[in-house]
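Participant: I'll drop the sequence and a predicted model, then ask my questions.
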Amino acid sequence: MRPFLVPPAWLLLAAMALAQDTAKHKEMLYPVVRVTVGSGGGSGTLLYSEDRGDGCQTFVLTNHHVIDGAIHVAKAWSSLLQADRKREANDLVQVEIFRYAAGSRQDMADSCRAEIVAHNKDHDLALLKLQTARTFDHVAALLPDDAAVEVFDPCWAVGCSLLHPPISTSGHISYLDDVIDRKKYWMSDAQIIFGNSGGAMFVQHDKHYVFVGVPSRVAGTWGQVIPHMGWFVPVTRIREWLAEEQLMFLLDDKSTPAECFAKRGEMQKRAEMQLKAGHEGTN
């Protein structure tokens with residue numbers, strides 16, 4: 001009978017480190033994309049790319065201020081209401097999804113046009129839908145609803161700093177209770193700079209790297225940026241906004257984009273009917 005050989009401890013540690021590095025690449029680096037509007041832009045994060053029976057669809061979360069140059073609300077005359085109506089007519093934005101070869105060396109980028117399907121300036125969040133039937137292998141996973149984040153937790157910021165292809169910086173959670181423009185933000189010292197906006201903040205949870213927010217603001221004074229004081233929209237507020245916008249397919253595996261957008265369409269029709277009824281009541 002051959003003896004059972006136990007691998008040396010250093011070999012086990014090396015294998016564990018390699019698996020952890022691979023997880024970092026797949027769970028943090030690969031889901032982050034570059035978003036451009038004209039000559040400006042920032043970052044975004046793939047949150048969904050699959051087919052739940054309503055065709056393959058891919059969605060990217062970003063900041064409102066990254067894509068606000070593509071949002072246009074025009075006033076137009078409605079012969080039905082005999083009044084001016086505001087209607088949204090947005091430009092398409094460009095999204096680049098990067099491919100990587102062995103060792104996470106950047107190989108190439110897939111460029112897709114995307115439509116803005118939901119946005120909110122107060123939350124500084126927007127959701128993009130890519131105009132492609134392809135599926136992408138790597139999407140970020142949201143921190144579970146029952147998981148906690150605490151000050152001093154290690155974290156990573158991933159984004160397209162100065163519109164460079166995605167890069168990562170590491171640090172820790174610095175603060176959890178800042179309120180800016182009446183909205184809660186969390187802070188980390190993982191260095192960010194212009195272009196990181198719309199990207200991703202990650203922490204480790206249950207041996208995986210999970211999405212906990214969208215880098216959105218950086219501290220500074222006149223002519224000086226303080227990159228280690230970065231605020232991000234926390235996952236708690238992201239969940240709140242997605243629920244408000246009836247985008248439950250990003251929070252619930254049993255929900256589908258088709259169901260959610262049908263519900264959004266019904267809500268928009270009801271709002272139109274209420275507006276019409278209110279206008280007729282004033283005549």
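Facilitator: Thanks, I have it.

Participant: pLDDT wise, what is residue 155 at?
Facilitator: Listed pLDDT for residue 155 reads 98.

Participant: same question for residue 22.
Facilitator: pLDDT, read off for residue 22, is 86.

Participant: I'd assumed it was in a strand, is it?
Facilitator: No. Residue 22 is assigned helix when assessed by DSSP: H, G, I helix; E, B strand; the rest coil, not a strand.

Participant: look up how far residue 153 lies from it.
Facilitator: Shown here: residue 22 relative to residue 153, a distance of 22 Å by CB to CB, to the nearest Å. (C-beta placed from N, C-alpha, C; glycine too.)

Participant: residue 241 contacts residue 121, correct?
Facilitator: No. Contact criterion CB atoms under 8 Å: residue 241 and residue 121 do not qualify, at 11.5 Å.

Participant: returning to that earlier point: and residue 22 and residue 153? Which one has more around it.
Facilitator: residue 153 (15 against 11; other CB atoms under 10 Å).

Participant: leaving out the residues flanking it, which one is nearest to that one?
Facilitator: The shortest distance from residue 153 to any residue other than its chain neighbours is 4.6 Å, reached at residue 173 (CB to CB, 6 or more residues apart in numbering).

Participant: got a list of what that neighbour touches?
Facilitator: 149, 150, 151, 152, 153, 155, 186, 187, 188, 203 (CB atoms under 8 Å, 6 or more residues apart in numbering).

Participant: so which of these wins on neighbours?
Facilitator: Busiest of the contacts of residue 173 [other CB under 10 Å] is residue 188, holding 29 neighbours.

Participant: quick check: it vs residue 169, distance?
Facilitator: Distance from residue 188 to residue 169, by CB to CB: 9 Å.

Participant: can you check residue 260 too?
Facilitator: Distance from residue 260 to residue 169, counting by CB to CB: 34 Å.

Participant: put together JSON lines for the contacts of residue 173, with secondary structure and distance to residue 271 on each row.
Facilitator: Putting the contacts of residue 173 into JSON lines (DSSP: H, G, I helix; E, B strand; the rest coil; distance: CB to CB, whole Å) gives the following:
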{"residue": "149", "secondary structure": "coil", "distance to residue 271": "36"}
{"residue": "150", "secondary structure": "coil", "distance to residue 271": "41"}
{"residue": "151", "secondary structure": "coil", "distance to residue 271": "42"}
{"residue": "152", "secondary structure": "coil", "distance to residue 271": "45"}
{"residue": "153", "secondary structure": "coil", "distance to residue 271": "41"}
{"residue": "155", "secondary structure": "strand", "distance to residue 271": "39"}
{"residue": "186", "secondary structure": "strand", "distance to residue 271": "33"}
{"residue": "187", "secondary structure": "strand", "distance to residue 271": "37"}
{"residue": "188", "secondary structure": "strand", "distance to residue 271": "38"}
{"residue": "203", "secondary structure": "strand", "distance to residue 271": "38"}
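
Participant: out of those, who's nearest residue 270?
Facilitator: residue 186 (35.5 Å; CB to CB).

Participant: what's opposite that closest one in the beta bridge?
Facilitator: Beta-bridge pairing of residue 186, defined through DSSP bridges, involves residue 232.

Participant: quick one: residues contacting it.
Facilitator: Taking CB under 8 Å, 6+ apart, we find residue 186 in contact with 149, 173, 175, 176, 178, 201, 212, 213, 231, 232, 234.

Participant: at 7 Å what do you get?
Facilitator: Counting by CB atoms under 7 Å, 6 or more residues apart in numbering, residue 186 touches 173, 175, 176, 213, 232, 234.

Participant: with residue 147 instead?
Facilitator: Residue 147 sits next to residue 205 when contact means CB under 7 Å, 6+ apart.

Participant: all helices for the stretch 101-250 of the chain, in order.
Facilitator: Secondary structure of the stretch 101-250 of the chain, counting by DSSP state H, counting those that start in this stretch: helices at 235-244.
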